[in-house]
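*Asks:* got a predicted structure here, sequence first:
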Amino acid sequence: MRNLKHNTYIYFLMLFVLFPVCSQDKEIELPQKFLRLNILSKYSLEKINIRDVKGKLYFNDLSISLKKNFDIQLRKINNRLLLKYDGKEYSSEHLILEADEIFTINYTTENASGERNYSGRLEIFIFDDRLQLVLQTDIEHYVKNTAWAESKNILENSELFSSNEEKFNFTRAMEISVRSWVFSNLKRHSEIDADLCDLTHCMFYPGIIKFQSGDRSPAEVMVHEGKIISSYFHSSCGGVLSGPEVFWEKHFPYSYFRKGEDRFQKFSKLQCEKSPHNRWESHVSEKELMRIFNLSKIENIELIRKQNRIHRIYFPGSNLNLAFSEFSTRMGKDLGWNVIKSNLFDVKKTQRGYIFYGRGLGHGVGLCQWGSAGMASESYDYREILEFYFPGIDIAVGTYK
Ligand SMILES: [Zn+2]
Ligand SMILES: [Zn+2]
């Protein structure tokens, strides 16, 4: 009798505990299944070769069935596309390639050459006096390959994770961040009818490098007040997280970014301490700074902080007071992007110039990748990781139309 009562009590308890958990699994409809990407946008392309492509090519009211092992050679001649295929030449303004399988694009410019693999439907036309390539590709392929490319150095670090489950939780947290960001930033390149570019302006997309077919695990996204969130992420925060308004200056009406220490509950250490960029140091001469900021003299550098990260930079004795993003762009373009790695540093004047003593890599907004890896390696699951970096969000299962 005692046991029965005890069991009944446990069943009731389970009902109360389980019911809210089940009812929290929200669903959200995702507006599109394919992403339109401005690819190879870094290069001013004048010619490409498309290799190994099986499928169909459409132009000038013609359609050609493509055979594998035959290359398509494309070149910009004035304002038209010159196409060579199977010993014949054609001229057109606009091409559409519908590939049945993964294909390879070879590109050559004056300073660069390389190849990338893609899948989907490719449109080619002339825009801004160069070849413009807009790829329509499966979002799940994009999410998996981008999340992998953005975390390659973490996933390939053999000392970080001690089980596949830990790796899975880190990877899943990254994929959900990438997917959520994509759905809250569609149509960012509407000038060419594309959603995103393949550069860090949006997110770096290297084409298909790892995942040839998207596995159909649930397409989870983070939501806040019924909307998919703009889930920024960065490499490592150096221990201090901030809202987006610190780095980008403009007002963001979102409350779901963690501010303060990157330290979960009882962690004795900062979570991203294992990042190779946890501490950095850069020397910049006074001459270099004078050139970059067009100043005849530099008395000192004053750091204006907000939420414990640098918000603006002021040069006393001049009228120059810059938003951090402007300072970092000017430094990066002149000296390379590895000199000022983050907006978390101190600066010291020396006889010959300035030493920047910094922590972390990136803007410190949203998910800290090295911190997430730290949490996953302490057995926290991807939900706990995301709920830490984005307080107040829900994770919903997205359904494609
Ligand atoms: Zn972009
Ligand atoms: Zn961190």
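*Replies:* Cool, got the structure. Ligands and ions are numbered 1, 2, ... in the order given.

*Asks:* list the contacts for Y58?
*Replies:* Contacts of Y58 were listed using C-beta atoms under 8 Å, 6 or more residues apart in numbering, and they are 95-98. Where you see a C-beta, it was placed from the backbone N, CA and C, and this is true even at glycine.

*Asks:* from these, which is closest to ligand 2?
*Replies:* Nearest to ligand 2 among the contacts of Y58 is L97, at 42.2 Å by C-beta to the ion.

*Asks:* residues near the one residue in the stretch 51-200 of the chain that gets nearest to ligand 1, how many?
*Replies:* Distance from ligand 1 to each residue of the stretch 51-200 of the chain (C-beta to the ion) is smallest for C197, at 3.3 Å. Using other C-beta atoms under 10 Å, C197 has 20 neighbouring residues.

*Asks:* excluding its backbone neighbours, what's nearest it?
*Replies:* N38 (4.3 Å; C-beta to C-beta, 6 or more residues apart in numbering).

*Asks:* report how many residues lie close to the one you found.
*Replies:* 24.

*Asks:* with M222 instead?
*Replies:* M222 has 26 nearby residues by other C-beta under 10 Å.

*Asks:* same thing with T200?
*Replies:* What T200 shows, counting by other C-beta under 10 Å, is a neighbour count of 11.

*Asks:* could you do L74 as well?
*Replies:* 23.

*Asks:* P253 now?
*Replies:* 5.

*Asks:* and it, what's its pLDDT?
*Replies:* pLDDT, P253: 79.

*Asks:* measure it to N38 for me?
*Replies:* 28 Å (C-beta to C-beta, to the nearest Å).

*Asks:* quick one on the thing from earlier: the residue nearest to C197 - that's part of a strand, no?
*Replies:* Yes - under DSSP: H, G, I helix; E, B strand; the rest coil, N38 falls within a strand.

*Asks:* show me what contacts it?
*Replies:* By C-beta under 8 Å, 6+ apart, the neighbours of N38 are 132-134, 189, 192, 194, 196-198.

*Asks:* now A194: how far from E378?
*Replies:* If you measure A194 against E378 using C-beta to C-beta, the figure is 40 Å.

*Asks:* again, but for Y314
*Replies:* 40 Å.

*Asks:* more neighbours: those two, which one.
*Replies:* Neighbour count, other C-beta under 10 Å: between Y314 and E378, Y314 has more, with 16 against 13.

*Asks:* contacting residues around that one?
*Replies:* Contacts of Y314 by C-beta under 8 Å, 6+ apart are 301-304, 320-322.

*Asks:* let's go with 10 Å and repeat that
*Replies:* For Y314, the contact set (C-beta atoms under 10 Å, 6 or more residues apart in numbering) comprises 300-304, 320-322, 327.

*Asks:* who is it paired with across the strands?
*Replies:* E302, N321 (DSSP bridges).

*Asks:* begin at 20, not 1, for the rest of this chat.
*Replies:* Got it, first residue is 20 now, which makes that one Y333.

*Asks:* and it, how close does it get to K95?
*Replies:* 46 Å.

*Asks:* could you do L114 as well?
*Replies:* Taking C-beta to C-beta, one finds L114 at 12 Å from K95.

*Asks:* what sits in contact with each of the two?
*Replies:* Common neighbours of L114 and K95 (C-beta under 10 Å, 6+ apart) are I143.

*Asks:* for beta bridges, what are the partners of the residue of the stretch 20-169 of the chain found nearest ligand 1?
*Replies:* When scored by C-beta to the ion, the stretch 20-169 of the chain has N57 as its residue closest to ligand 1, at 7.0 Å. Listed beta-bridge partners, N57: V153, C216 (assigned using DSSP bridges).

*Asks:* so which strand or helix has the closest residue in space to G226 that isn't next to it in sequence?
*Replies:* Spatially, and ignoring its direct neighbours in sequence, G226 is nearest to R135 (3.7 Å; C-beta to C-beta, 6+ apart). For R135, the enclosing helix or strand under DSSP states H and E is strand 132-137.

*Asks:* any idea how many residues pack against K288?
*Replies:* 11.

*Asks:* and the stretch 70-219 of the chain, which of its residues are near ligand 1?
*Replies:* C216 (C-beta under 5 Å from the ion).

*Asks:* at 8 Å what do you get?
*Replies:* Neighbours of ligand 1 within the stretch 70-219 of the chain, by C-beta under 8 Å from the ion: 207-208, 215-216, 218.

*Asks:* okay, now L64: neighbour count?
*Replies:* So L64, with other C-beta under 10 Å, has 22 neighbours.

*Asks:* now the closest residue to it other than its chain neighbours: phi and psi?
*Replies:* Distances taken as C-beta to C-beta, 6+ apart put L150 closest to L64, at 4.2 Å, once the chain neighbours are dropped. Backbone torsions of L150, given as degrees, to the nearest 10, read phi -70, psi 130.

*Asks:* who does the helix or strand E142 falls within touch, helix- and strand-wise?
*Replies:* Secondary structure from DSSP H and E places E142 in strand 140-146. If you count contacts as 3 or more C-beta pairs under 10 Å, 6 or more residues apart in numbering; DSSP states H and E, strand 140-146 packs onto strand 53-58, strand 66-70, strand 74-78, strand 91-96, strand 99-104, strand 113-118, strand 149-157.
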